[in-house]
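Undergrad: Pasting the sequence and the predicted model now:
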Amino acid sequence: MKGISHFATGVAVGTFFPEAVHAALDGSFILALGGIGGLLPDTIDFKFARFLEQPDILIDPHPEQFEAQKIADEIAAGIDRVRETRKRLILKCNTIRLGPDWWQQYSLKFDTQAREVIVKLGPIVNTSQLPLPASLRNVPEGRANIQAPLLPAYDEYIEVDIFSGPSFALEWRNERVEIDFIPWHRQYSHSIFMAVLFGLICGLLFGVTAGLIGGLALLAHVLEDQLGYLGSNLLWPLTGVRTNGAHLIHAGDPIPNFFTVGTSVYFIIFNLDRFSAQPTLDPLFFWGVLWLPFPIALAYFFYRKFETDIRKKIPLLSQQERDLVAELNEVVDA
């Protein structure tokens with residue numbers, strides 16, 4: 001979800017504690033801890049974790065000398081090296097920037113059936129990923145055989161075009177090489193352990209209530225992200241892989257974000273009122289009438305979404321990439 005949704009959720013979490021509401025009314029910034037906890041996981045990932053990743057295989061094409069076959073050979077050799085050494089390798093595919101708003105797109109595919117890596121050149125696109133007409137060049141695609149068996153995760157083409165480009169963890173599991181998309185995102189930062197750790201830090205610095213608010217706000221962020229496609233490493237450090245998401249929403253979907261922000265604001269208003277000296281809101285009217293447009297809009301969203309997904313059969317990796325692009329767009333715009 002968008003940062004504003006996570007922030008609003010975190011603040012709303014804080015308003016469920018009467019002592020926090022009373023302290024906030026007296027000028028305390030305790031509710032802000034909820035907002036900080038709501039923003040912290042993505043802040044860690046996009047401001048720090050992605051820059052700390054050290055690729056073992058770096059694909060960095062030249063815009064005027066694009067060699068599809070060479071790229072395919074390098075990736076295939078890396079996958080086979082994982083099979084031979086049983087060591088985890090990070091594959092990073094750099095983008096090709098042509099100007100302030102123009103990028104040369106290329107794509108790659110892991111063909112698990114034919115055991116091939118396929119690389120081909122695409123069109124020039126802008127930052128919104130809209131292609132420039134007549135920008136395709138006649139460059140032969142590259143194909144390289146893979147000796148190692150692959151887990152059948154990504155059979156569609158993966159487009160490399162804007163921002164920093166995708167990375168993959170190549171890891172030997174169950175007698176096959178598993179390819180994990182964007183391994184630096186939603187790992188330790190999106191875990192139950194991190195929620196507990198942040199809660200403990202807040203508790204030691206500002207008291208028990210602050211600790212509960214900080215930890216629960218961060219946990220709420222993680223659970224909200226589990227509604228999407230990419231998933232999170234909930235049990236880090238006990239596991240090194242992300243738990244699959246529920247495949248219900250995308251990070252940039254406007255209606256779920258509208259629902260989350262709106263509902264959070266309603267909780268904030270309602271909790272501030274009910275913990276005041278003289279509550280004035282009627283719960284039945286407040287939630288049964290005033291809040292009703294939000295679940296109606298969300299129900300309509302899911303109806304249209306499932307209808308579209310069934311008709312178009314959009315591949316999982318494309319769905320995951322859409323989540324990441326939405327989050328990257330927000331970070332870059334900020």
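TA: Yes, it's here.
Undergrad: Next, the contact list for Phe193, please.
TA: By CB atoms under 8 Å, 6 or more residues apart in numbering, the contact list for Phe193 reads 235-237. In short, each C-beta sits where N, CA and C put it, glycine included.
Undergrad: Going by residue numbers, what spans are strands in the chain?
TA: With DSSP state E, the ranges of strands along the chain come out as 57-59, 89-93, 96-99, 102-111, 116-126, 142-145, 158-160, 167-173, 176-181.
Undergrad: Please name whichever of those is nearest to Ala24.
TA: Nearest to Ala24 among the strands of the chain is strand 176-181; the distance by CB to CB comes to 40.4 Å.
Undergrad: which stretch among the strands of the chain comes nearest Ser135?
TA: Comparing those by CB to CB, strand 116-126 comes nearest, at 3.9 Å.
Undergrad: What are the buried residues along stretch 272-279?
TA: Residues of stretch 272-279 classed as buried by neighbour count (16 or more other CB atoms under 10 Å): 272-273, 275.
Undergrad: ok so, going back, just the buried members of the contacts of Phe193?
TA: Neighbour counting by 16+ other CB under 10 Å classes Trp236 among the contacts of Phe193 as buried.
Undergrad: gap between Tyr303 and Gln226?
TA: 22 Å (CB to CB, to the nearest Å).
Undergrad: Which of the two has more residues huddled nearby?
TA: Neighbours per residue, other CB atoms under 10 Å: of Tyr303 and Gln226, the larger number sits with Gln226, 19 against 10.
Undergrad: show me what contacts that one?
TA: 232, 234, 243, 245-246.
Undergrad: Greatest separation within those: which pair is it?
TA: Leu234 and Ala246 (12.5 Å).
Undergrad: of the two, who's got more company?
TA: With neighbours defined as other CB under 10 Å, Leu234 and Ala246 compare such that Leu234 has more, 20 against 11.
Undergrad: where does that one fall, phi/psi-wise?
TA: The phi/psi pair for Leu234 (degrees, to the nearest 10) reads phi -60, psi -40.
Undergrad: Quick check: closest non-adjacent residue to it.
TA: Of all residues not flanking Leu234 in the chain, Thr243 sits nearest, at 4.9 Å (CB to CB, 6 or more residues apart in numbering).
Undergrad: do the same with Ile75
TA: Nearest residue to Ile75 in three dimensions, chain neighbours excluded: Val117, at 4.7 Å (CB to CB, 6+ apart).
Undergrad: What is the neighbour count of the one you found?
TA: 24.
Undergrad: Flag the shaky bits of the stretch 151-300 of the chain, pLDDT-wise.
TA: Low-confidence segments of the stretch 151-300 of the chain (pLDDT under 70): 152-155.
Undergrad: Quick check: the nearest residue to Ile4 once chain neighbours are set aside vs Ser135, distance?
TA: Among residues not flanking Ile4 along the chain, Val261 sits closest, at 6.0 Å (CB to CB, 6+ apart). Noted for Val261: a distance of 38 Å to Ser135, by CB to CB.
Undergrad: who's more crowded, these two?
TA: Comparing Val261 with Ser135 by neighbour count (other CB under 10 Å), the higher total belongs to Val261, at 20 against 14.
Undergrad: Contacts only, for that one.
TA: Listed by CB under 8 Å, 6+ apart, the contact partners of Val261 are 4-5, 8.
Undergrad: quick one: which of the residues you listed is most hemmed in?
TA: Neighbour-wise, the contacts of Val261 (other CB under 10 Å) top out at Ala8, 24 neighbours.
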